[in-house]
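Enquirer: model this:
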Amino acid sequence: MTIGIKSKLSFMMFLEFFIWGAWFVTLGTFLDKTLHATGAQSGEVFSTQSWGAIIAPFIIGLIADKYFNAEKILGVLHLLGAGLMYLMFSAADVSVFYPYVLGYMVLYMPTLALVNSVSFNQMTDPEKEFSAIRVWGTIGWIVAGLAISYLFHWDSPKGIAEGMLRYTFLMGGIASAVLGLFSFTLPATPPKVAKGEKVSIGQVLGLDALKLLKDPNFAIFFVASILICIPLAFYYQNANSFLTDIKVDNPTGKMTIGQASEVAFLLCLPIFFKRAGFKWTILVGMLAWAVRYALFAYGNAGDLSFMLIIGIALHGVCYDFFFVSGQIYTDSKAGVQYKSAAQGMITLATYGVGMLIGFYVAGKISDNYNGPAGHDWRMIWLIPASIAAAVFLLFFLSFREKKGATE
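Expert: Just a heads-up that it's a prediction; the model follows:
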């Protein structure tokens, strides 16, 4: 790659995740404090991410891979998304807000695959080159969080009281419009499927990889992947609201510690994976979810605030040790024939089915433990901690790692 192309791809990745981080982290707090949504309503709003993940393969497989250049579709989706983001900024009620965010997530989720396609198309050695591009996405997410807390102070008690969190959608919308226009300057990424070649719905959704479920170990991993997404949903839906409720200063800025740890632990993952093997790497990731929520349950904004910081910092272990190592395991089990299909199937199962269930459960639990005195955050966090611990125990007892599997 030339420096010019590398710079363009890095800027693309920065904006892609800046847009998501600009509004998604504070969404729970916005729904609770500004739109006065119930826990169930918040769960429905957050589940739009899952519906987007379920619908995304159709857009990528049936449109991007077959008919149009990826960078052009990326541009159109982000320009449409900018318009929907403005409507989200203007919405005064959760019932008005919901269809806009649903439409937005259906448009946004496919762009996560499109930016990867545009990047990979320019690389001769993706294993060495991609990480240097992808890291700019994490930086974009971090910059968005820092801007909300330390530059604009939208998540301060005064900012929340004045409804300033609404401006996160305006910031995301402007960035989306910029990326939409910028996308048309990106290197050409033509359709992958040859003209006239037929693509089945099963291929699009990765259903060909269902054959992998005949392997008992892979079936156990597949079920565990869905189940662990239930406690994961609690973090996305409740973490910012929780930190805001207990009066933690600059909560959105502090949550960027999670993204920084994600980068750090990603570097540690190959070493741990090689020494401990796949089973124990996955187990550490599961255990980290349980420990994180226990720290949230018993920490506070005062003398025990360090417990909250550690819980946030565990995001790198939670995500990398389970999801990234799971992607590696899936790739190794799939073989050449089903590589793409298997990854698609796991994505559909986790971000689609698993998170959909998780957001529903998180919304119901939040409502059940919300009274006149406010949320009972200890119970709200102990429940997903228990679910994560149960999934840990299930996987520990049932998964049998074969000798030589790590290699």
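
Enquirer: would you mark the buried spots in the helix or strand hosting residue 170?
Expert: In this assignment (DSSP states H and E), residue 170 forms part of helix 167-183. Under the neighbour-count criterion of 16 or more other C-beta atoms under 10 Å, helix 167-183 has 167-173, 175-180, 182-183 buried. No exception for glycine: its C-beta is placed from N, CA and C like everyone else's.

Enquirer: which helices and strands does it pack with?
Expert: In terms of contacts (3 or more C-beta pairs under 8 Å, 6 or more residues apart in numbering; DSSP states H and E), helix 167-183 is packed against helix 3-23, helix 70-90.

Enquirer: contacts for that helix?
Expert: Residues from elsewhere that reach helix 167-183 (C-beta atoms under 8 Å, 6 or more residues apart in numbering): 11-12, 15-16, 18-20, 22-23, 26, 30, 71-72, 74-83, 85-86, 88-89, 144, 147-148, 152, 154.

Enquirer: and that helix, average pLDDT?
Expert: Averaging pLDDT along helix 167-183 yields 98.

Enquirer: quick one: low-confidence parts of the stretch 151-300 of the chain?
Expert: The model of the stretch 151-300 of the chain has pLDDT under 70 over residues 192-208.

Enquirer: quick one, helices of it?
Expert: Using DSSP state H, counting those that start in this stretch, the helices of the stretch 151-300 of the chain run over 157-161, 167-183, 201-205, 216-245, 251-298.

Enquirer: in stretch 256-267, what counts as buried?
Expert: Those would be 256-263, 265-266, for stretch 256-267 by 16+ other C-beta under 10 Å.

Enquirer: to residue 384, which of the helices and strands packed on helix 167-183 lies closest?
Expert: helix 3-23 (22.3 Å; C-beta to C-beta).

Enquirer: pull out the buried residues from that closest one.
Expert: 6, 8-23.

Enquirer: ditto for stretch 317-336
Expert: 317-326, 329-330, 333-334.

Enquirer: kindly indicate which of the buried residues of stretch 256-267 lies nearest residue 236.
Expert: Residue 236 lies nearest to residue 258 out of these, by C-beta to C-beta, at 11.1 Å.

Enquirer: any idea which residue is closest to the centre of this protein?
Expert: The centre of the chain sits closest to residue 351, judged by C-alpha atoms, centre = their mean, with a distance of 7.7 Å.

Enquirer: any idea how far residue 173 is from that residue?
Expert: Distance of residue 351 to residue 173, computed by C-beta to C-beta, to the nearest Å: 23 Å.

Enquirer: ok, residue 11 next?
Expert: 18 Å.

Enquirer: equivalent analysis for residue 158, please.
Expert: 24 Å.

Enquirer: so what's residue 390 up against?
Expert: Neighbours of residue 390 in contact, by C-beta under 8 Å, 6+ apart: none.

Enquirer: buried sites along the helix or strand hosting it?
Expert: Per DSSP H and E: residue 390 is located in helix 377-398. The neighbour-count check on helix 377-398 (16+ other C-beta under 10 Å) flags 377, 380-385, 387-389, 391-392, 395 as buried.

Enquirer: could you do stretch 135-145 as well?
Expert: Result for stretch 135-145 [16+ other C-beta under 10 Å]: buried residues 136-145.

Enquirer: the helix holding residue 390 to helix 216-245, inter-axis angle?
Expert: Helix 377-398 and helix 216-245 are oriented at 170 degrees to each other (axes from the mean of the first three to the mean of the last three C-alpha atoms, to 10 degrees).

Enquirer: export helix 377-398 to PDB, keeping only CA atoms.
Expert: Below are the C-alpha coordinates for helix 377-398, written out as PDB (Å, rounded to 0.1, in the frame of the first residue of the first chain):
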ATOM      1  CA  TRP A 377     -27.700  -1.700  40.800                       C
ATOM      2  CA  ARG A 378     -26.200  -4.400  43.000                       C
ATOM      3  CA  MET A 379     -28.900  -6.900  41.900                       C
ATOM      4  CA  ILE A 380     -28.900  -5.600  38.300                       C
ATOM      5  CA  TRP A 381     -25.200  -6.500  38.100                       C
ATOM      6  CA  LEU A 382     -25.200  -9.700  40.200                       C
ATOM      7  CA  ILE A 383     -27.700 -11.400  37.900                       C
ATOM      8  CA  PRO A 384     -25.500 -11.200  34.700                       C
ATOM      9  CA  ALA A 385     -22.500 -12.100  36.900                       C
ATOM     10  CA  SER A 386     -24.300 -15.300  37.800                       C
ATOM     11  CA  ILE A 387     -25.200 -16.000  34.200                       C
ATOM     12  CA  ALA A 388     -21.600 -15.600  33.100                       C
ATOM     13  CA  ALA A 389     -20.500 -17.900  36.000                       C
ATOM     14  CA  ALA A 390     -23.000 -20.500  34.900                       C
ATOM     15  CA  VAL A 391     -21.800 -20.400  31.300                       C
ATOM     16  CA  PHE A 392     -18.200 -20.600  32.600                       C
ATOM     17  CA  LEU A 393     -19.100 -23.800  34.500                       C
ATOM     18  CA  LEU A 394     -21.000 -25.300  31.600                       C
ATOM     19  CA  PHE A 395     -18.100 -24.800  29.200                       C
ATOM     20  CA  PHE A 396     -15.500 -26.000  31.700                       C
ATOM     21  CA  LEU A 397     -17.400 -29.300  32.300                       C
ATOM     22  CA  SER A 398     -18.500 -30.100  28.700                       C
END
